[in-house]
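>>> Build me a model:
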Amino acid sequence: MGIAASMGSWSARHRWAAVGGWLLFVILAVFVGQAAGRVDVDQDKSMSGEVSQAATINDDAGLKPPASEMVLVQAKGAGHATDPAFRTVVGEVMSAVEESGKVTAVTSPYDTKSISPDGRSALVRFDMLGDEKTAADRIDPVMDKVEQVQARHPDLRVEEFGDASSEKVLNDAFGSDFQTAEFSAVPLALGILLIAFGALVAALLPVALAMTAFVAAGGVVAVVSHLVPMSDTANSVMLLVGLAVGVDYCLFYLRREREERAAGHDADTALRIAAATSGRAILISGITVIVAMAGMLFTGIGDFKAMGVATMIVVAIAMFGSVTVLPALLSLLGHRVEKGRIPFLNRRRRQAGGRPATPGNSRFWRSVLGPVLRHPKAATVIAGGALLALALPAFGMKTANLSMQQELGGGLPIIQTYDHINTAFPGGPDPAHVVVKADDINAPAVKQAIADFRAEAVSSGASKGPVAVTVHSAQNIARIDVPLAGGSDRAKAEANVTVLRDHVRPDTLGKVPGLQAPVTGETAGSMDFTHKITSSVPPVFAFVTVFAFLLMLLSFRSLTIALTSIVLNLLSVGAAYGILTAVFQHGWGASLVGAHGTGAVVAWLPLFLFVILFGLSMDYHVFVVSRIREARMRGLATKGAIEHGITTTAGVVTSAAVIMVAVFAIFGTLSMQSMKQMGVGLAFAVLIDATVIRGVLLPAVMTLLGDRNWYLPRWMHRLPDLTHDESALPPPPAAVPHPAEQLPDRV
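Predicted coordinates for the structure are as follows:
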């Protein structure tokens, strides 16, 4: 007896112990997690590079860089910054922000020479008091003061922008987006399950398991965060993946148990068969998903490591719950799992002779499968060609970290303020910061090097100035703020950072022995992130594909199955990449999903998409191929086994896919372009995987291969055998079950 069968059998015999143990585990996990508290990722140190070096220098010196803000005062007509009325408004702005009690270091544009070349604009600069990371929570009173000045002087433009004000807008948008997705996902999944099962109790089981697994995972993640810091993004991804796999695993198990009961087995036998078959598929699938998520750890990026660890935890808990507490609940409920039936969804379809149709036998998929099995070569060419055609645009994919304008569009007031400031002061809203650390920051050689850097930053064309310097003599640290000439043009701004790092710095600061001068800032951080994520692609892809291949090889003891599994999954991922590139980079059909021209795919998405899809698509693949192999081991010819495996799993795969596509599609409706790209990519990929891959390409390829599907070289026979002995499963009883025991044919 396999591990899954043993666990399911024990749980069915010790029902109350299994259910009580699960509830106790969830409660303890929540309690311990709340007591431990969650440690979040420090974004400045989330990956190696100059941004992290600069943060380390500041931390070691006890310096906490403040959140910097600026207020643009701009004449709408022919006014000039030297006009008395203009100066009066500048003074009002300075007084107003100081009155808020939330700011410090308020500077006059006339002292800092922050007057635009045309003389129509001026920047009042100041810093927020307190921790930079929480400044967005305290910015409202300051913004209110600035708005009051604007209301008194409609003839001028008085607008605020900065680290805290922009982060507040992003946090509000990001939090609102994920909150919308989270609140919508569970009711949507429940609604689809109600349609699939036609009974409230049966529909609630998968959602209940998924949500309790997510709640327990939240507590475990809080404890683990003291070793691997977490984030809100990781928590939302954990919900997304936890809901997907939790519902899938329940569907696999519950559907097989219902099928065996419909075939005439008693409740205990049906549970044992479900545990030995679907339970085993759940374990293989869960381990595959965990391995795929482990690939995120290879990126070396804090957020990705957080997402990887969080999803590994929730999948492990959902997997364990599916093979323990679920059989216990099914044993406890018995026929009561059909309580809360929805009448119009429970019309029983019967086969000839009055026997109920086997759950999951879909007329639609039978009609599709017939031509595929009769003409496997044509089906392979057509389906494979279609996927390759969809993947073609991916060869020209461009990735980039989206700017705030690209992320949220130009309709928000703060985006318009950014544009106004950037037009008057190119690079002013997002300057590069050079953190200079010296043995003696006031040494003549150091002062001269800083002066030379300021001059060359402008003469090299990297900046149009003014280049500001803030010296912290006690800590022997200085910060040089360099407005980048490229402004909001990300490509040009990144080129400016490269000039600063590769030419200006070596020619000036680099000539002082022992001096450190990492270049940081939003643009520099974006460059470092993109480089890091791009360099992580080969090792992550290699790790995930190799381990998935080995797991499939050991689980099915077939070199052919392992190879075709990898190829089909890569085709699915490639098609998703192509759709993303076509829609979001080239704009083909972008208006249909409410996207605006970003001109690129967000940098982190291809790797994230690969890991998530490779894991989730294995759910379907393992489930379907396990059923095909089971039929083959029971004596059916390969072609008959393929037909049996596809048709008997079509219902559950379709139901699971509809749920995932619907949940992912929610993200496609959100306002942030990165979330929209993620939702569209995931939804299309799952749709392709559940239809073209599992319904057409997989049966066509397996039919062409015939008995070669089960090929294992002789020298591989020494590998561990993780297969299950299907011959040990009890055959269906000859007697037809009593009508009262027959189950509605839904999933």
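
>>> Quick check: next helix or strand after the worst-scoring helix or strand of the chain on mean pLDDT?
Taking mean pLDDT, DSSP states H and E as the measure, helix 404-408 is the helix or strand of the chain with the lowest mean score, a mean of 72. Downstream of helix 404-408, the next assigned helix or strand under DSSP states H and E is helix 413-424.

>>> And the contacts of that following helix?
Outside helix 413-424, the residues within contact range by C-beta atoms under 8 Å, 6 or more residues apart in numbering are 70, 72, 74, 116, 118, 120-121, 123, 157, 159-161, 165-166, 169, 404-405, 408-410, 428-429, 487-488. Just so you know, the C-beta spots here come from the backbone N, C-alpha and C atoms, and that holds for glycine as well.

>>> And for stretch 108-121?
Contacts for stretch 108-121 (C-beta under 8 Å, 6+ apart): 72-75, 79-82, 87, 90, 94, 107, 122-125, 424-425, 466, 468.

>>> next one: stretch 538-548
288, 291-292, 294-296, 298-299, 565-566, 569-570, 607, 610-611, 614, 618.

>>> contacting residues around residue 564?
Counted by C-beta under 8 Å, 6+ apart, residue 564 has contacts 698, 701, 702, 705, 709.

>>> Ignoring the adjacent residues along the chain, who's closest to the first one?
It stands for residue 698. Spatial nearest neighbour of residue 698, chain neighbours left out: residue 568 (6.3 Å); criterion: C-beta to C-beta, 6 or more residues apart in numbering.

>>> quick one: the one you found is in a helix?
Yes. Residue 568 forms part of a helix when assessed by DSSP: H, G, I helix; E, B strand; the rest coil.

>>> In contact with it, which residues?
Residue 568 touches 621, 693, 697, 698, 701, counting by C-beta under 8 Å, 6+ apart.

>>> And residue 193, how far from residue 204?
Noted for residue 193: a distance of 8 Å to residue 204, by C-beta to C-beta, to the nearest Å.

>>> Looking at these two, which has the bigger crowd around it?
Set side by side, residue 193 and residue 204 show more neighbours around residue 193, with 28 against 17, by other C-beta atoms under 10 Å.

>>> Now do the same for that one: helix, strand or coil?
Classified using three-state DSSP, residue 193 is helix.

>>> Just to check, it is in contact with residue 247?
Yes. Using C-beta atoms under 8 Å, residue 193 is in contact with residue 247, at 7.2 Å.

>>> Quick check: neighbours shared by the two?
206, 207, 659.

>>> still on that earlier bit, between the contacts of residue 564, which is closest to residue 647?
Distances from residue 647 to these, taken as C-beta to C-beta, are shortest for residue 698 (12.8 Å).

>>> Look at that closest one and say how many residues are nearby.
Residue 698: 25 surrounding residues under other C-beta under 10 Å.

>>> For residue 146, the count of nearby residues, please.
For residue 146, the neighbour count with other C-beta under 10 Å is 23.

>>> Then the one 3 residues further on?
Here the number of neighbours of residue 149 (other C-beta under 10 Å) works out to 21.
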